[in-house]
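Engineer: Model the structure of this input:
(one chain, ligands or ions: 1)
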Amino acid sequence: MSTLNHQWFLASRPKALVTPDVLQLREPPLATLEEGQALARVKFLSIDPTMRIWMADIKQYMPPVQIGEVMRAFGVAEVTESRHPDFKRGDKVLGLTGLQEFVLITGKESRAFQKLPSIPFLSDSHFLGTLGVNGLTAYFGLLDVGKPQPGETLVVSAAGGATGSIAGQIGKIHGCCVIGIAGSDEKCNWVKNDLGFDAAINYKHADWKEQFAAATPQGVDINFENVGGEIMQVVLDRMNLHGRVVLCGLISGYTREDPALASFAQVLIKRLRIEGFIILDYGAKFTDAAKQLGMWKMAGKLKDKQTILKGFDRAPEAINMLFDGSSIGKLLVEL
Ligand SMILES: NC(=O)c1ccc[n+]([C@@H]2O[C@H](COP(=O)([O-])OP(=O)(O)OC[C@H]3O[C@@H](n4cnc5c(N)ncnc54)[C@H](OP(=O)(O)O)[C@@H]3O)[C@@H](O)[C@H]2O)c1
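Structural biologist: Numbers count the residues shown, from 1 in each chain. Just a heads-up that it's a prediction; the model follows:
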């Protein structure tokens, strides 16, 4: 077995996208295991927009990654050696592995790593997407904050992505008319024809605002907002009285400054309920929600796609793909 680890560490803070000076590689030796520790080899890394937020020295829901630290990331890993009572060789674990090939699980952190069950119709990588952060975010964001009612119109932005694609399908399960907004015809075709959305609008088409108005003749009751900026403004302008805006993410602003949003005046005029949420707030309910997501998946009510880049060295490139729309469904790096 290799005696070296490979790590992407934060070398400087990004100004826009992730450039070569931001994440750099190092190869520290693997630590010799002490009693109470386990070593796990990372199999899949989850590539999430929040990684760009974690790189920035701004006020946020977790401490920013410090210069010199291994870049924070969720991953699935397999235990290769263990002197820890709760883990044995071959166990698969899920948690904040970081952007590295091997993760050392110490007694203190072991509760942060969850053992993965082996379920025949699921691959390990599903626990990073549909049954992981993205599925849970869609589930709690839509059901707890959006409170969908049958017959209501739900709009989901970044609809062809990991979270949006699940949020829209949960909206269909709850009887909503679901309109997706996404940045390519491929994504629009997928969410409409395979996932059962009622309509999908490509915001890169010149007439997308007219198409969006035509697709929402009854206005919009719930906006599951993943993007912000102009897309959010257009959706807000079509909201109905007492609509709900589920503020899940504002990805259009993560790599640049965004102008103030005049359409926020609609919040006042229409008495909208806007609620931000962070998936970590729902930790105590994760297990029950994951069971429900798993049952929907088994019943064929939740479909998904993955974009998988092979090779540890491709992690920085993968992060940038979130911002140019070149991934579809859940974006992962396989080691
Ligand atoms: N609140 C929470 O706890 C929580 C948890 C997880 C994720 N989130 C948020 O959920 C959102 C989606 O995350 P995800 O992990 O599921 O990623 P994702 O949707 O799989 O990937 C991001 C997608 O966003 C779209 N996008 C990027 N820049 C854009 C821009 N300037 N304008 C319009 N669309 C843009 C791209 O799709 P197009 O091709 O459609 O442009 C891209 O593929 C993010 O805002 C993320 O921060 C929040």
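Engineer: ok, the residue nearest to the spatial centre of the chain - contacts?
Structural biologist: Centroid-nearest residue in the chain, with CA atoms, centre = their mean: Asn134, separated by 4.4 Å. Asn134 makes contact with 128, 162-163, 166, 330 under the criterion CB atoms under 8 Å, 6 or more residues apart in numbering. To be clear about C-beta, it is placed using only N, CA and C from the backbone, and glycine gets the same treatment.
Engineer: Next: Val220.
Structural biologist: Shown in contact with Val220 (CB under 8 Å, 6+ apart): 153-155, 179, 235, 238-240, 243.
Engineer: Which one (most neighbours) among these?
Structural biologist: Within the contacts of Val220, neighbour counts (other CB atoms under 10 Å) peak at Val155, which reaches 32 neighbours.
Engineer: can you tell me the helix or strand for that one?
Structural biologist: The secondary structure element spanning Val155 is strand 153-157 (assigned by DSSP states H and E).
Engineer: ok, that strand: who's next to it in the sheet?
Structural biologist: strand 177-182 (parallel), strand 220-225 (parallel) (DSSP bridges).
Engineer: for the last one, the distance to its chain's centre please.
Structural biologist: Put simply, strand 220-225 sits 18 Å off its chain's centre (CA atoms, centre = their mean, to the nearest Å).
Engineer: That one vs the ligand: in contact?
Structural biologist: No. Using CB under 6 Å from any ligand atom, strand 220-225 stays clear of the ligand, with a minimum separation of 8.2 Å.
Engineer: next SSE after that strand?
Structural biologist: Past strand 220-225, heading to the C-terminal end, the next element that is a helix or strand (DSSP H and E) is helix 229-236.
Engineer: Of all the residues in the helix or strand bottoming out on mean pLDDT in the chain, which ones are buried?
Structural biologist: Every helix and strand in the chain was compared by mean pLDDT, DSSP states H and E; the lowest is helix 265-269, with a mean of 77. Residues of helix 265-269 classed as buried: 266-267 (neighbour count, 16 or more other CB atoms under 10 Å).
Engineer: Check the offset of the next helix or strand after that helix from the chain's centre.
Structural biologist: From helix 265-269 onward toward the C-terminus, using DSSP H and E, the following helix or strand is strand 273-276. Strand 273-276 has its average C-alpha position 19 Å from the chain's average C-alpha position, going by CA atoms, centre = their mean.
Engineer: Can you get me a residue count around Lys172?
Structural biologist: Taking other CB under 10 Å as the definition, Lys172 ends up with a neighbour count of 18.
Engineer: element containing the closest residue to Gly160 other than its chain neighbours, please.
Structural biologist: Excluding its sequence neighbours, the residue lying closest to Gly160 (CB to CB, 6 or more residues apart in numbering) is Lys187, at 2.8 Å. Using DSSP H and E, Lys187 sits in helix 185-189.
Engineer: same question, Leu104
Structural biologist: Taking DSSP H and E as the definition, one finds Leu104 inside strand 102-105.
Engineer: Report all helices and strands that that strand contacts.
Structural biologist: Contact partners of strand 102-105 among helices and strands, from 3 or more CB pairs under 8 Å, 6 or more residues apart in numbering; DSSP states H and E: strand 38-46, strand 75-82.
Engineer: Name the strands paired with it and say parallel or antiparallel.
Structural biologist: Here strand 102-105 has these sheet partners by DSSP bridges: strand 38-46 (antiparallel).
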